[in-house]
Each structure stands twice: as C-alpha cells, then as structure tokens.
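Asks: Pasting the sequence and the predicted coordinates here, then a few questions.
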Amino acid sequence: MTSEILILTPSAVALAADSAVTVGNKKTYNGVNKLFMLSNNPPMGIMTYNLSHFSNVPLETIIKEFRLEIKEEELNTVEEFKDKFKEYLEKLIKDSLHSYSIEEQLDDFIKQIKIESQHMEFSIFESIVKNVINNVNFDDLTDYSEIITNTLNINETKLNELIPNEINGNQRKDFLKDLKKFFVYNIYIEPFTGIVIAGFNKDRLFPSYIEFNITYLFDDNFILKEIKHLDIIGNLVHVRPLAQDDVINTFLTSIDKGTEFKLTKYVYKFYEDYTNNLKEAINSNSHLDSNEKTKFLNEISKIESANKNLGLLFEEFINQLKDEHANHLLDSISALPKEELSNLAESLINITSLKRKIGSDLETVGGPVDVAIITKGDGFIWTKRKHYFDGNLNPHFFKRG
C-alpha cells in the first residue's frame, strides 16, 4: 500500500509519496520509488500507486524507459503524455513482456486458493467469496467480459476442484458462479496500477493533472481507465490524496469517514427510535380508545415520512461543515511559498505514516518521503529525494544528462 498527495496551486504543483511496499499483506519494505520526473519541457512529474508493477515488470523500470523513449518527442499536455504512455505499454507488452493467458491465470488462482483455504471450513470460505463478489462489476471489463466468461465456462472443471464433494445440486451450481466472479475480482478488478501525471501544459500558465488506472488483463490486453482530468483556473487550489487517503481527508475536512458514518447512522436511528417509542406509548396507553389511538398513529406516520428528510438535512449540514473547513485550508494553501508547500506535502504523508505505525499491525505507509515541486519557470525540482546509494561514491549518476 502507499500514501501519496498531489497539490495544485495557481503557481506550483507539489507531489509527495512514501516508500513502503507491502508483500502479501504480511510484510512491508521501505525504499520503493513512486515519484519520478517525466519531462522538463514541458515540466511534468508522474506518480504511481497500488500495484508497483505491470505484468510483473517494475513500474520504475517502465517509467524510466518511457522517459528515454519520449526524450526527443514534442508532447505538450498531460493528455498527450497519457496517450503516449498507453502507446508505449501496448508496444512493450507485444514486443517484450511475458503475457499470461486466462488459463494460466486460472491455474495460478486455483493453486493459491487451495493453499489459503486448506485449513478453512467451507462455510467460512463461502462467506468470504460472497462478501467479495458484491463488488464485482463486469462493466469495468468493457469488451473483454464475454471472452473471460466463455473461457471460465470452458474451464469449469478446474474451479470445481475448489468445492468439496459433499456440496451438491443448486448449492454447487450457485457457488460455482460465485467462484467465477471471485476470480474476476481478484485477477482483473482489484489489482490495478494508479498513475498520476501532473505539471504545466506548454500553452497554459496554470497547472494540470490527469489520473488514470491501468489493469493488465490477459495475453496482450489491458484496460486504461481515466479517473480525473483537471486544469487549474485562476486562484483555484486542488488537493488530491491518493491510495490510503483517510488521514489526509480528515485533515482537510476535520472529520474522518468512520466518525461521519457513525454520526449519520446514529441520527437516522434516533429519528426511527423516537417515532417507534411514540407508537409504543400510544398502543400501550389504556386511557385511549381505538379511534384515538388510530388518530394519533396517523399523525406519527407523518413524522415518520419526514425522518428521511431530516436525516438528509443532517448529512447536508455535515457536508457544509466539511466544505467550510476545507475552503479555509485551501485559501491558506494558495498563499504558501514553494518551500512551505513542499513541507506541507511531506507532513501530510508523515502523519499518515505515524497513524499506521501506532494504530495498525502492518505499517503499510512509511519510509523516506520523496517530494517534488513543479513550476512553470523552474521546471521539476526535487526538494527531498532518497537514494539507495551514497552520492559521494557515485558522482557519475548526477552528471548524467
């Protein structure tokens, strides 16, 4: 996992990323590079999050080779850099990378599931599968869903190996369908690479950024899905936390999502309990006849119909408080000098790292923080950058063009 942040102000872009990588949800290492200079003409930077590889090739290698590839090309906008990166991946996967067929992926998937479920009761395994497949949306696979579905249908006997012999009839058929969705989620939906390209387009005085996800599918196929494309206008300030964004969002909005959810749930339940208690009191009142009870209950039903609107008003109030807090912060950020902007970006990653260190068994955010500032006039400037080597012993590295 990772934590990264992108801050765009009218005069600069700040990028910051931690260095942690998680292996098998069991161990983390620090020292991974997720932030890179992409170009100085025009000035552009690139960050990656979630998966650190594409078809088992490290993204650091791909990005640095891509940077060499475009060195002599004239690319002017973040959109053009994105399109060129997609072209580069298409060429790379056809010419250089080892691709994987659906059958190979299915074999590896079944092997892994057998290992993880061998000491697990089937009911627990079934529950895990059903909880996950609620998030499966085949629309995310665009035109590839049909070929994936057909291939899985052909290879049903392999998936049947994961179902105990005593499970028969409709239960077996239904769970087989669930397993297919479970495979799709684990292989084609949950694993993706997030990419952000940010900087100054050649024809603009204000910064821009584009965010997109890349999902490797099978053979020579992958999906690139654009998430957001923003051009800063006038005095607009934009802060975009990436990957593990909960701590940064709390800083920006003054309330974390968990607390907001609990408060909202409590308000809805309060209104529901209030009307339920009124109905119970009326029904149990021996001094009221049936006509009076019916009259009062009808009035309470009007209150019940208003409960949802009252809950929505509360949600709207919370959103207004969040916006007011965020707008005040953004106004302050817009006036920060470049050095302070760099410090802010680094600090937001560090507080996320600290939260994970003291509140989680697995420190999924951590290590040295890389920070860069991009401006129209100065280009891409590192304000903090880690190296795995001693610079004094490797002067040739810094002399490269």
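Replies: Thanks, I have it. Numbers count the residues shown, from 1 in each chain.

Asks: Does the residue nearest to L162 when sequence neighbours are not counted belong to a helix, a strand or coil?
Replies: Spatially, and ignoring its direct neighbours in sequence, L162 is nearest to I113 (5.7 Å; Cβ to Cβ, 6 or more residues apart in numbering). Any C-beta I mention is one placed from the backbone N, CA and C, and that applies to glycine too. Here I113 is recorded as helix under DSSP: H, G, I helix; E, B strand; the rest coil.

Asks: quick one: I113 from D219, how far?
Replies: With distances taken as Cβ to Cβ, to the nearest Å, I113 is found 23 Å from D219.

Asks: who has more neighbours, those two?
Replies: I113 (19 against 14; other Cβ atoms under 10 Å).

Asks: Can you pull out the low-pLDDT segments for the stretch 151-300 of the chain?
Replies: Residue ranges of the stretch 151-300 of the chain with pLDDT under 70: none are present.

Asks: Let's see stretch 54-63 as CSV, backbone CA atoms only.
Replies: Output in CSV follows, covering the C-alpha atoms of stretch 54-63 (Å, rounded to 0.1, in the frame of the first residue of the first chain):
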residue,chain,number,x,y,z
PHE,A,54,2.8,-4.1,-14.8
SER,A,55,2.6,-7.7,-16.0
ASN,A,56,5.4,-8.4,-13.4
VAL,A,57,7.7,-5.7,-14.7
PRO,A,58,8.6,-3.0,-12.1
LEU,A,59,6.9,0.3,-12.9
GLU,A,60,10.1,2.1,-12.1
THR,A,61,11.8,0.4,-15.0
ILE,A,62,8.9,1.0,-17.3
ILE,A,63,8.7,4.7,-16.4
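
Asks: which residues touch that stretch?
Replies: Here stretch 54-63 makes contact (Cβ atoms under 8 Å, 6 or more residues apart in numbering) with 32-33, 36, 38, 46, 48, 51-53, 88-89, 92-93, 97-100, 193, 214, 216, 222.

Asks: mind listing what's buried in that stretch?
Replies: 54-55, 57, 59, 62-63 (16 or more other Cβ atoms under 10 Å).

Asks: doesn't E161 make contact with the residue nearest to L162?
Replies: No: look at I113 against E161 with Cβ atoms under 8 Å: they stay out of range, at 9.3 Å.

Asks: buried residues in the host helix or strand of F109?
Replies: Using DSSP states H and E, F109 falls within helix 102-117. Using 16+ other Cβ under 10 Å as the test for burial, helix 102-117 gives 102, 105-106, 109-110, 113.

Asks: now do stretch 30-37
Replies: Applying 16+ other Cβ under 10 Å to stretch 30-37 flags 32-37 as buried.

Asks: same question, stretch 92-102
Replies: 92-93, 97, 99-100, 102.

Asks: Which residues are in contact with R67?
Replies: Neighbours of R67 in contact, by Cβ under 8 Å, 6+ apart: 36-39.

Asks: ditto for P164
Replies: Counted by Cβ under 8 Å, 6+ apart, P164 has contacts F122.

Asks: With V239 instead?
Replies: So V239 contacts 5-8, 248, 252, 330, 333 (Cβ under 8 Å, 6+ apart).

Asks: and if you look at I374?
Replies: For I374, the contact set (Cβ under 8 Å, 6+ apart) comprises 12-15, 43-45, 198-200, 207, 380-381.

Asks: Export those as TSV, with columns for secondary structure.
Replies: Shown next, in TSV, are the contacts of I374 (three-state DSSP):
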residue	secondary structure
A12	coil
V13	strand
A14	strand
L15	strand
P43	strand
M44	strand
G45	strand
A198	strand
G199	strand
F200	coil
P207	coil
F380	strand
I381	strand
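
Asks: Separate out the buried members of the residues you listed.
Replies: The buried subset of these - by 16+ other Cβ under 10 Å - is 12-15, 43-45, 198-200, 207, 380-381.

Asks: what ranges do the helices span in the stretch 151-300 of the chain?
Replies: 156-160, 169-184, 246-253, 257-283, 290-334 (DSSP state H, counting those that start in this stretch).

Asks: ok so, going back, look up how far V13 lies from the residue nearest to L162.
Replies: 43 Å.

Asks: do N150 as well
Replies: Counting by Cβ to Cβ, the gap from N150 to V13 is 45 Å.

Asks: Repeat that for F109.
Replies: Relative to V13, and taking Cβ to Cβ, F109 is found at 40 Å.
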